[in-house]
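Visitor: Test case, fold it:
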Amino acid sequence: MSTIAKSILFISTMDSEPWGGSEELWSRAALNLASDGFSVAASVVEWSPLHARIQQLKDHGIKLSTRAQDPSLWRRARAKLVGSRPAVESVEKLVEAVQPALVVHSSGTAFPFPDLIEICLSREIPFVTIGQANHDGWWLPDSLAERLRPAMLGAVRCYFVADANLRLAEKQLGCELTNAEVIRNPFNVEYNAAPPWPALGQHGDLRLASVGRLHPPSKGQDLLFEVFALPAWQRRPWHLCVYGNGPMRDTLERLARRLHVAHRVTFAAHVAKVEAIWRANHVLVMPSRFEGLPLTIVEAMLCARPVIATAVAGNPEVIEDDVSGFLADAPTVRGLAAALERFWARRHEAEEIGKAASIRIRQLVPADPARVFSNKLKGLLS
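Guide: The predicted structure is shown next:
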């Protein structure tokens, strides 16, 4: 195969922060393919400084191109699924320079930018898409759905990280994606992780962890605080550790104080070594309003910790309710409170439920999802 035939271009449209869970799959696949001898290029949104994980791509010989962010929040909001012209022009130049045999469009949401896909369609370049988070409130205007339908059906594959999000995307688009396939995201613990079950806290407290970006519109930490403010939880021995960074930390801290739970809640910021979280905590609580398939849930289950989560996106695909975790039927205070009550009634079985979770997740998620994905891309090229 010639050098041109072996060129692969990755395009990431995640622009809300320098790095997020949606970047793990495509970036690790890019590193794998570069080490396998492919010529790899990547187009990402520019941040100053570049995140260390993006810089790593450059250090491993990947041709990295950055696109400037639109400084106008209003213009960015309007262009969210359309793509601004400077971004399109930057990608067009990179496509001309790289002459890729395959383009991988990675989005933090369910849908790629149609302007960027249409670059591939107009040049007859094979491409695939990766869809991550989806939300039943993200319906598309007819004009945008009309563009995305032929664009996504023109992909060699449309990959989604959860079957529920794939089915929701089909509903939002108004068509069946016959070229769709579910894949799994990589994670940040050892596949054979086995941190010991922690002792209870100083006052016999059960230690619960909320892990994720401090962004209540998606991660729902406000729902969790409201549940813990209920009278029943004020009488119980528990402590919540909130891990993560994000744009709404101060608001969440204020909410915890207003609800009189601040003395039971610790904000611990981001922890690089995920297994350290599970050496200190017994249970993961994920009150998300929408998701893809959270790395946090996979990591907690690999570490044999039970998960209490809302039944959104891929969560019910890996958590067996009342077996390997507990599912809230909706991202509401009432739904989350009911799931937490069911857990509390069986809290003395938490370690055994965690062991069931560790078995379950290894049945569903491979040891190296990024290598599985890399091999899929190589198969498409051949």
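Visitor: From residue 319, how far off is residue 190?
Guide: Separation of residue 190 from residue 319 (CB to CB, to the nearest Å): 21 Å. For every residue, glycine as well, the C-beta is placed using N, CA and C.
Visitor: if you count what's nearby, which of those two comes out ahead?
Guide: Neighbour tally, residue 190 and residue 319, criterion other CB atoms under 10 Å: the higher count belongs to residue 319, 24 against 13.
Visitor: now the helices for the stretch 101-250 of the chain?
Guide: Secondary structure of the stretch 101-250 of the chain (DSSP state H, counting those that start in this stretch): helices located at 114-123, 142-153, 163-173, 216-219, 221-228, 231-234, 249-258.
Visitor: Hmm, I typed the wrong one, I wanted the stretch 251-382 of the chain.
Guide: With helices called from DSSP H, counting those that start in this stretch, the stretch 251-382 of the chain shows them at 274-280, 295-302, 315-318, 333-345, 350-364, 369-381.
Visitor: Walk me through the domains of this structure.
Guide: Using automatic domain parsing, the domains assigned to the chain come out as 7-186+366-381, 206-364.
Visitor: which stretch in these has the least confidence?
Guide: Lowest mean pLDDT of the domains of the chain: domain 7-186+366-381, a mean of 90.
Visitor: And it, end to end?
Guide: 10 Å (CA to CA, to the nearest Å).
Visitor: before we move on, what about stretch 7-20?
Guide: Distance between the two ends of stretch 7-20: 25 Å, counting by CA to CA.
Visitor: Which positions in that stretch come out as buried?
Guide: By neighbour count on 16 or more other CB atoms under 10 Å, the buried set for stretch 7-20 is 7-15, 17-20.
Visitor: And stretch 327-337, by the same measure?
Guide: Buried, per 16+ other CB under 10 Å, within stretch 327-337: 327, 328, 331, 332, 333, 335, 336, 337.
Visitor: Including distance to residue 85, could those residues go into a markdown table?
Guide: What follows is the buried residues of stretch 327-337, written out as a markdown table (distance: CB to CB, whole Å):
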| residue | distance to residue 85 |
| --- | --- |
| 327 | 44 |
| 328 | 43 |
| 331 | 36 |
| 332 | 41 |
| 333 | 44 |
| 335 | 43 |
| 336 | 43 |
| 337 | 48 |
